[in-house]
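S.K.: need coordinates for the below:
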Amino acid sequence: MIRQEVLDYCREQYGTEPEYPWQDTPLAAVLRHRDNAKWYGLIMDVSGGKLGRGSREPVDVLNIKGDPEEIVHIREMPGFAPAYHMNKKHWLTVILEEIADPKVVFRMLDKSYDMTAPKRRKNNGNTQ
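M.R.: Residues are numbered from 1 along each chain as shown. Have a look, this model is predicted:
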């Protein structure tokens, strides 16, 4: 899977345009909700050495939010790692080049998007 597939999916599915907020890391793109500005993803290039890989060559990764009970198991699978530079309990790193089926990442992006969506207040039948 490549970075552009992720960005295209986010544009088509959520209407999200990537934001590039850091001059010193021009390939780091934040994916955030339009409603509440919360991040649901961060795509960037990271040295393979920082991910525990043998090579120091940069690789594209995607950080996404997830259920902590699921994350501990998912990050043990090939193509996943503890979140790079994020809270490792609530975030997960996807090593894009190691994922053959984009649908796997898209489902995880959907979950991350839903988990960070604005909370809707319940109407308890009161009309005010």
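S.K.: which SS class is the residue nearest to M86 when sequence neighbours are not counted?
M.R.: Spatial nearest neighbour of M86, excluding adjacent residues (Cβ to Cβ, 6 or more residues apart in numbering): N63 at 5.2 Å. Glycine gets a C-beta too; all of them are placed from N, C-alpha and C. At N63, secondary structure determined by DSSP: H, G, I helix; E, B strand; the rest coil is strand.
S.K.: and N63, what is it in contact with?
M.R.: Neighbouring residues of N63 by Cβ atoms under 8 Å, 6 or more residues apart in numbering: G41, L42, I43, M44, A83, Y84, H85, M86, W91, L92, T93, V94.
S.K.: next one: G54
M.R.: Contacts of G54 by Cβ under 8 Å, 6+ apart are G48.
S.K.: which residues in the protein form strands?
M.R.: Here the chain has its strands, by DSSP state E, at 29-32, 39-47, 58-65, 80-82, 91-95.
S.K.: now do the buried residues in the third one.
M.R.: Applying a neighbour-count criterion of 16 or more other Cβ atoms under 10 Å, the buried positions in strand 58-65 are V59, D60, V61, L62, N63, I64, K65.
S.K.: any idea what the first one is bridged to?
M.R.: Beta-bridge pairing of V59 under DSSP bridges involves V46.
S.K.: sorry, back to before: and the strands of the chain as TSV, adding mean pLDDT and distance to A117?
M.R.: Formatted as TSV, the strands of the chain follow (pLDDT from 0 to 100; distance: least, Cβ to Cβ, whole Å):
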stretch	mean pLDDT	distance to A117
strand 29-32	97	11
strand 39-47	95	8
strand 58-65	95	11
strand 80-82	92	23
strand 91-95	95	16
